[in-house]
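Undergrad: Based on what follows, work out the 3D shape:
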Amino acid sequence: MSVFEKLRKAMQDHNVDAYIAQMADDCTFVRHQTGQIMNRDEIAAMLTKMLAPGGATFGEPRCIYENDDILVVHAINEYPDGTREAVLGAYSLKDGKVTRVETGATPL
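TA: You can find the predicted model right below:
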């Protein structure tokens, strides 16, 4: 199963542990809103809030491209405050694990 499919299934199942299991121990995430760099534990905390009841609604993600080095994903997300964004995520991969995630978003 591809990294994309594992991440997509984890999001569909609201399974933070399965999602985080795809990340290397030193994985980082760059928040598009602030540029803040988050570590794996901070990513898990953010996902726990986002996937909780009343959290964000994630549209069906589309895999734009995936190989052994990179995964590019696009989705439309809706947030509890009523805002929507088109989000493009670039996932750096190494040895089948995510090592870095950067997102860019366009408000809709």
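
Undergrad: if you go through the protein in chain order, where are the strands?
TA: With DSSP state E, the ranges of strands along the chain come out as 23-30, 37-38, 57-58, 62-66, 70-78, 84-94, 97-107.

Undergrad: Save those as CSV, and put in mean neighbour count and distance to residue 50 too.
TA: C-beta coordinates here come from the backbone N, C-alpha and C atoms, glycine included. Listed next are these as CSV, based on neighbours: other Cβ atoms under 10 Å; distance: least, Cβ to Cβ, whole Å:
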stretch, mean neighbour count, distance to residue 50
strand 23-30, 16, 12
strand 37-38, 14, 13
strand 57-58, 14, 8
strand 62-66, 13, 19
strand 70-78, 17, 9
strand 84-94, 17, 12
strand 97-107, 16, 12
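
Undergrad: Looking at those, which is nearest to residue 1?
TA: With Cβ to Cβ as the measure, strand 62-66 is the member of the strands of the chain nearest residue 1 (11.5 Å).

Undergrad: who does the closest one pair up with?
TA: Using DSSP bridges, the strands paired with strand 62-66 in its sheet are strand 70-78 (antiparallel).

Undergrad: Give the rounded mean pLDDT of the partner strand.
TA: Mean per-residue pLDDT for strand 70-78: 96.
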